[in-house]
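Enquirer: All I have is the shape, not the residue letters:
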């Protein structure tokens, strides 16, 4: 990141960038592609950081850097000694005989740049969205130096309306080390500019993004691209073709594939937003699980997302005060449970460690929404009784 780009970020109001970062929970992943696209908006993760202590140490310094504008050198000076104390540093031999690199100056540079750029661009999106009535046109701005990628350079100066689908896929950052940004323009500022439309120009192609570390089989994922009028194809790095701000503040989990939605939930439900919901400090409803396609069909649901309403949350706290916040944070694991159909309800029995839970899910009459209507600790006897009264569902 050049001094110009870093200076631009550090001069931005940090409030919304901080809000973006502090709104995340934790997710443990071994490879960078284990947490995919929109899931990063709610799940803070660092590849190969598999302990909460290491991940929290890194996250704490990232948040401090966003709030205080710490440079990459300051970030490394504070964080490296702590990671060395925790044993997360240098090359380490695994049980299979292979060696992997944990902490290093290069990795801390990537972590610092990626999280600062993503957080500030997500915050920038939020601020521009709130001011879209006055400034409804957004312009793509690249850093035009010798390091700028050709396709990123080709987007420099392009103007689209703020609601153009282009920004859902190609809002910066658009890859590792991307220094691009967006600026909002008022109608009188675009009189001499060409406002483009992305209609018919956005596509998707499958690319190999890595290999399964156990089988060696290639891992393929779809990557979006934008075809420029001159025929050049702009494609973000794999996993970067999403809008981090929209994913954080306006998520539509039914638009995500099931695995990405589950990763997103893993971060969201362990973050501060669900804690506030649990305490009754915010209203509305909260997504708590994502069902698979067979379960959706069995329920006749058009949605894959199970939500918990504030009314149900309040009833839960009254009827089952023994349940702790940490137990509600296990609700995404209902997809691993034993499923029994009883009329319009689906009873799901699942285990966390040595404890058995029962969750009851119901679909609305129009099939548009799925709700968690009950959740509590149970035992084998109740599961057997419900099995006799209902229909066991496979898958």
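Expert: All right, it came through fine. Here the structure is a predicted model, which means the values were calculated and not measured. Residues are numbered from 1 along each chain as shown.

Enquirer: Strands of the stretch 201-350 of the chain, residue ranges please.
Expert: Under the criterion DSSP state E, counting those that start in this stretch, the stretch 201-350 of the chain contains strands at 202-211, 218-227, 233-234, 285-290, 305-309, 338-342, 345-352.

Enquirer: Worst mean pLDDT among those?
Expert: Note on the strands of the stretch 201-350 of the chain: strand 338-342 shows the lowest mean pLDDT, a mean of 81.

Enquirer: could you say what helices and strands that strand packs with?
Expert: Contact partners of strand 338-342 among helices and strands, from 3 or more CB pairs under 8 Å, 6 or more residues apart in numbering; DSSP states H and E: strand 345-352, helix 380-389, strand 391-393. Any C-beta I mention is one placed from the backbone N, CA and C, and that applies to glycine too.

Enquirer: got a list of contacts for it?
Expert: 295, 298, 346-350, 383, 386-387, 389-393 (CB atoms under 8 Å, 6 or more residues apart in numbering).

Enquirer: which of these are buried?
Expert: Neighbour-count burial (16 or more other CB atoms under 10 Å) applied to the contacts of strand 338-342 gives 295, 298, 346, 347, 348, 349, 350, 383, 386, 390, 393.

Enquirer: out of those residues, who's nearest residue 245?
Expert: Residue 245 has its nearest neighbour among the buried ones among the contacts of strand 338-342 in residue 295, at 30.9 Å by CB to CB.

Enquirer: if I look at the closest one, how far off is residue 333?
Expert: Noted for residue 295: a distance of 14 Å to residue 333, by CB to CB, to the nearest Å.

Enquirer: Next: residue 73.
Expert: 41 Å.

Enquirer: of the two, who's got more company?
Expert: Between residue 73 and residue 333, counting by other CB atoms under 10 Å, residue 333 is the more crowded of the two (17 against 12).

Enquirer: ok, the residue lying closest to the more buried one once chain neighbours are set aside to residue 317 distance?
Expert: Nearest non-adjacent residue to residue 333, counting by CB to CB, 6 or more residues apart in numbering: residue 350, 5.6 Å away. Going from residue 350 to residue 317 by CB to CB gives 21 Å.

Enquirer: ditto for residue 123
Expert: 33 Å.

Enquirer: Same check on residue 272?
Expert: Distance from residue 272 to residue 317, by CB to CB: 18 Å.

Enquirer: where does this protein dip in pLDDT?
Expert: Within the chain, the segments meeting pLDDT under 70 span 1-13, 394-395.

Enquirer: which secondary structure elements does the helix ranked longest in it contact?
Expert: In the chain, taking DSSP state H as the definition, the longest helix is helix 105-130. Packing contacts for helix 105-130, counted by 3+ CB pairs under 8 Å, 6+ apart, involve helix 3-10, helix 15-22, helix 52-68, helix 72-85, strand 181-185, helix 244-249.

Enquirer: how about a markdown table for those, with distance to residue 33 added?
Expert: Putting the helices and strands packed on helix 105-130 into a markdown table (distance: least, CB to CB, whole Å) gives the following:
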| stretch | distance to residue 33 |
| --- | --- |
| helix 3-10 | 25 |
| helix 15-22 | 21 |
| helix 52-68 | 18 |
| helix 72-85 | 23 |
| strand 181-185 | 25 |
| helix 244-249 | 17 |
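
Enquirer: List just the one of these that sits closest to residue 128.
Expert: strand 181-185 (4.5 Å).
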